[in-house]
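**Q** show me the folded form of this:
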Amino acid sequence: MSRIGRKPAQLPAGVEVTVDANNMVTVKGPKGQLQEQISKLIDIEVKDGEVVFTRTSDDRNYRSQHGLARTLVNNMIIGVTSGFEKRMTLVGVGYRAEKKGKTLVMNLGYSHPVEMPDPEGITTEVPDPNTVVVKGIDKAAVGNYAAVIRSWREPEPYKGKGIKYENEVIRRKEGKAGAK
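**A** Residues are numbered from 1 along each chain as shown. The predicted model follows:
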């Protein structure tokens, strides 16, 4: 049995979880509301301040969905209570970011500034010119938007320039040996 799927998701105070007949899970909390369609192979039950996940078969498809369903619902619970954030660092001469209203404007060595409006449900902050913080309640949406920002200048291995996640380690390469 799935170790993750077997563990119930705890409900903190102020969080309400509802499950309809089609396994559409709705989580309401202090920061907002999230919905997710969970596979019908998994039975979801809310009781005694926790969400319990069970499967009716030991078939491979059921097992693969068991831990996934629990993780998705648990991430929704964490999102509506504390939220998620990704911190990114801009490394390079002249690379900087600033916030203009609801638009993130970055200078990344191109002939033009890169302007990215904040998607719905996600906010970006620029605490200093070389740091961008992406925040939101949906873990997948926060990670996806951070990846879109990073794709404008992925870190390169020779000088380490680019947009990297705060805790990411860039494997550096030695340059050309040159003539001796």
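**Q** who are the packing partners of the strand or helix carrying residue 104?
**A** Using DSSP states H and E, residue 104 falls within strand 103-107. Secondary-structure packing of strand 103-107 (3 or more Cβ pairs under 8 Å, 6 or more residues apart in numbering; DSSP states H and E): strand 96-100, strand 114-117. Quick note: C-beta positions are derived from backbone N, CA and C, even for glycine.
**Q** so where's the protein shaky on pLDDT?
**A** Within the chain, the stretches with pLDDT under 70 are 1-2, 178-180.
**Q** how many degrees apart are the helix or strand harbouring residue 145 and strand 103-107 in direction?
**A** Residue 145 belongs to helix 139-150 when assigned by DSSP H and E. Put simply, helix 139-150 runs at 30 degrees to strand 103-107, going by axes from the mean of the first three to the mean of the last three Cα atoms, to 10 degrees.
**Q** mind listing residues that contact helix 139-150?
**A** 75, 78-79, 84-86, 88, 104, 106, 116, 119, 121-122, 132, 134-136, 162-165 (Cβ atoms under 8 Å, 6 or more residues apart in numbering).
**Q** 6 Å instead?
**A** Residues from elsewhere that reach helix 139-150 (Cβ atoms under 6 Å, 6 or more residues apart in numbering): 75, 84, 86, 122, 134, 136, 163.
**Q** paired strands for the following helix or strand past that helix, with orientation please.
**A** Later in the chain than helix 139-150, the nearest helix or strand by DSSP H and E is strand 162-165. Note on strand 162-165: by DSSP bridges, its sheet partners are strand 84-91 (antiparallel).
**Q** what about the partner strand, distance to the chain center?
**A** Strand 84-91 sits 12 Å away from the centroid of its parent chain (Cα atoms, centre = their mean, to the nearest Å).
**Q** repeat for stretch 56-70
**A** For stretch 56-70, the distance to the chain centre is 23 Å (Cα atoms, centre = their mean).
**Q** check which residues of the helix holding residue 145 are buried.
**A** Going by neighbour count (16 or more other Cβ atoms under 10 Å), the buried part of helix 139-150 is 139, 141-142, 145-146, 149-150.
**Q** again, but for stretch 158-174
**A** For stretch 158-174, the neighbour count (16+ other Cβ under 10 Å) marks 161-164, 170 as buried.
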